[in-house]
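Participant: My questions are about this predicted structure, shown below with the sequence.
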Amino acid sequence: MINYGNNFIMKLIPKLVVCASVTLLFVQEAFAAKDATKIGVTTIVKNKVLGEPPAMVQRKLKTGLEVYFNEKVETGPVGRTQLLFKDGTAITIGPNANMTIDKYVFDPNTGTGDMALSVTKGVFRIVGGRISKRKPIKLKTPVATLGVMGGIVVVDQAANGQDALDKVKVSERNGRGRHYDIIFLDLQMPIMNGYEACHKIIEFYNQTSIR
């Protein structure tokens, strides 16, 4: 899924959908850490990755650190991380990405729960765990809210219409058979509006042998 500010492209691979900072005192961080709800752990952290749990100062994430409810995760230009949640849900976050864990509730005895995420930019790969086997994970974006029921979801967001077109071209030419199956376009996106981007994307597909 490509999302350009208020624009989106969604991508399924094989049923893969492609589709802030608050400064607080350090004394507050130590107190909040005791009360924060731990919901998962970082399994992979490469280069610059920052996390900001609620009522805590922003911290640099490392492999093996706890992940908290309502935490905001941000990666740098070459940053990358993977989060593993208690129900088995795994989320891989690519470079220049922002994600917030809006909701996470899980009962290991019944295997049920509720999960909601907000993403504003970047690339994300979500592998559904036990929660998504019974209830869709809500994935909120600037232009749509998606429901992930099991399976694997990949979200790739663009900054504007031209960026969206470029991503489609790269995906088709170098994606080894992977392509965007669903495309959301904001009519008022910058640089290239939704009408123009839609026309150029259709034109590109018509000029290639890739379908």
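Facilitator: Cool, the structure landed. Since we're looking at a predicted model, the values are computed, not measured.
Participant: can I assume V73 is in contact with L61?
Facilitator: Yes - counting by C-beta atoms under 8 Å, L61 is a contact partner of V73 at 7.3 Å. All C-beta spots, glycine's among them, are computed from the backbone N, C-alpha and C.
Participant: In contact with the residue nearest to V123 when sequence neighbours are not counted, which residues are there?
Facilitator: Spatially, and ignoring its direct neighbours in sequence, V123 is nearest to G94 (3.6 Å; C-beta to C-beta, 6 or more residues apart in numbering). By C-beta atoms under 8 Å, 6 or more residues apart in numbering, G94 lies in contact with T75, R80, G122, V123, F124, R125.
Participant: so which strand or helix has Y195?
Facilitator: Following DSSP states H and E, one finds Y195 within helix 194-207.
Participant: Next, the buried residues of that helix.
Facilitator: Within helix 194-207, the residues scored as buried using 16 or more other C-beta atoms under 10 Å are G194, E196, A197, C198, K200, I201.
Participant: check contacts around the first one.
Facilitator: What that stands for is G194. N7, G161, L185, D186, L187, Q188.
Participant: can I see the domain layout of the chain?
Facilitator: Following automatic domain parsing, one finds the domains of the chain at 1-19+158-211, 38-140.
Participant: Comparing these, which yields the minimum mean pLDDT?
Facilitator: Mean pLDDT values for the domains of the chain show the minimum at domain 1-19+158-211, a mean of 67.
Participant: Counting neighbours, which of the contacts of G194 comes out on top?
Facilitator: Most neighbours among the contacts of G194, by other C-beta atoms under 10 Å: N7, with 29 neighbours.
Participant: and the residue lying closest to L117 once chain neighbours are set aside, what is it in contact with?
Facilitator: Spatially, and ignoring its direct neighbours in sequence, L117 is nearest to L139 (5.4 Å; C-beta to C-beta, 6+ apart). Applying C-beta under 8 Å, 6+ apart, one finds that L139 lies in contact with A116, L117, V119, I126, T145, L146, G147, V148, V153, V155.
Participant: Let's see which of the residues you listed end up in strands.
Facilitator: A116, L117, V119, I126, T145, L146, G147, V148, V153, V155 (DSSP state E).
Participant: Confirm for me that the fourth one is in contact with I152.
Facilitator: Yes - shown here, I126 and I152 form a contact pair, counting by C-beta under 8 Å, at 6.8 Å.
Participant: Of those two, which one has the most company?
Facilitator: For I126 versus I152, neighbours defined as other C-beta under 10 Å are more numerous around I126 (26 against 16).
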